[in-house]
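Engineer: Attaching a predicted model along with its sequence, questions to come.
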Amino acid sequence: MILFGYRQSVKELARLMMQCRSCGMQGWQVVYRVLTWFTLFFIPVLPLWVSRKQQCGTCGITQKVSKEEADAMVAHAANAPRY
Ligand SMILES: [Zn+2]
């Protein structure tokens, strides 16, 4: 018997203060990358796809963002002063 499935690993890329596209409030937005793995006997063996998401710290909504948008937010967070 072969056990296979999927697993997701999440990595936070950046955390920045900006306006939410959903609730319109200025607040912390967390940008993270979700990597979906194909697993064999619960061991991740093959990365299948990558998506990038943004979560609003105010309303909690999670929205999918493109790689370009995520990269721009990461660059912006790296240049912004620390709070
Ligand atoms: Zn929001």
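Structural biologist: Happy to help now that I have it. Residues are numbered from 1 along each chain as shown.
Engineer: Quick check: residue 42 vs residue 55, distance?
Structural biologist: 27 Å (Cβ to Cβ, to the nearest Å). Quick note: C-beta positions are derived from backbone N, CA and C, even for glycine.
Engineer: quick one: which of those two has more around it?
Structural biologist: Set residue 42 next to residue 55 and count neighbours by other Cβ atoms under 10 Å: residue 55 wins out with 17 against 9.
Engineer: For the more buried one, give me its contacts.
Structural biologist: The contact partners of residue 55, by Cβ atoms under 8 Å, 6 or more residues apart in numbering, come to 29, 30, 32, 61, 62, 63.
Engineer: Can you add neighbour count and give the residues you listed back as TSV?
Structural biologist: Converted to TSV, those look like this (neighbours: other Cβ atoms under 10 Å):
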residue	neighbour count
29	22
30	17
32	18
61	12
62	13
63	14
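Engineer: for those, which one is nearest residue 12?
Structural biologist: residue 32 (4.8 Å; Cβ to Cβ).
Engineer: Tell me the bridge partners for the closest residue in space to residue 20 that isn't next to it in sequence.
Structural biologist: Excluding its sequence neighbours, the residue lying closest to residue 20 (Cβ to Cβ, 6 or more residues apart in numbering) is residue 56, at 4.2 Å. Counting by DSSP bridges, residue 56 forms beta bridges with residue 29.
Engineer: got it, and residue 39?
Structural biologist: Those that pair with residue 39 in a beta bridge, by DSSP bridges, are residue 5, residue 44.
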